[in-house]
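> Provide a 3D model corresponding to the input given below.
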Amino acid sequence: MSAKPLPSLEGAAGDLYRASAAAGRLCVQRCADCCRWRHPPRLWCTACGSDRAEYAPVSGRGRIFTWTVTHQAFHPAFAADVPYAVVVTELEEGVRIVSGTRGLPHAELALDLPVEVELEERAPGVCLPVVRPAGSARRA
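Predicted structure coming up:
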């Protein structure tokens, strides 16, 4: 079985996001001019066009905005995981994050379901977000 692909670690727009995640902190990019949150990280703000950004911690608390359950592996490394859910969570801050799930049966997925985002280490220095039902997140 091949290793699961990891997100590209290239590109300055996401460097601070990846570094924060690797350190166990969920931080999201925000425009330094209009304060609009944006994820995934980008070079320019889609609201005001500014190229100035900062990273700030977010609560990790949110609600499921939408989801899909994947029944076909589009990469051989995911064959043993199907079916798996991919969810979009809208955080309390208003920004949305795409992730996988942990401890959340597909039959329990629902719009506005309260969830908590945690960071899961996938490789040394690479942490990706996953969501769990609110109140059930593992505590370090």
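
> in stretch 14-21, which of the residues would be classed as buried?
Counting neighbours by 16 or more other CB atoms under 10 Å, one finds that the buried residues in stretch 14-21 are 14, 16-18, 20-21. In this view, the C-beta of every residue, glycine as well, is placed from N, C-alpha and C.

> kindly reformat the residues you listed as a markdown table containing distance to Leu104.
A markdown table is the format used below for the buried residues of stretch 14-21 (distance: CB to CB, whole Å):
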| residue | distance to Leu104 |
| --- | --- |
| Gly14 | 26 |
| Leu16 | 29 |
| Tyr17 | 24 |
| Arg18 | 25 |
| Ser20 | 24 |
| Ala21 | 20 |
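
> which of those residues fall in strands?
Among the buried residues of stretch 14-21, no member falls in strands (DSSP state E).

> pLDDT (mean, whole number) over stretch 39-48?
The average pLDDT for stretch 39-48 rounds to 93.

> contact partners for Arg122?
Contacts for Arg122 (CB atoms under 8 Å, 6 or more residues apart in numbering) come out as 4, 6, 128.

> closest one to Gly94 out of the buried residues of stretch 14-21, please.
Closest approach to Gly94 among the buried residues of stretch 14-21 (CB to CB): Tyr17, at 16.9 Å.

> the closest one reaches Val28, doesn't it?
Yes - between Tyr17 and Val28 a contact is recorded at 7.2 Å, counting by CB atoms under 8 Å.
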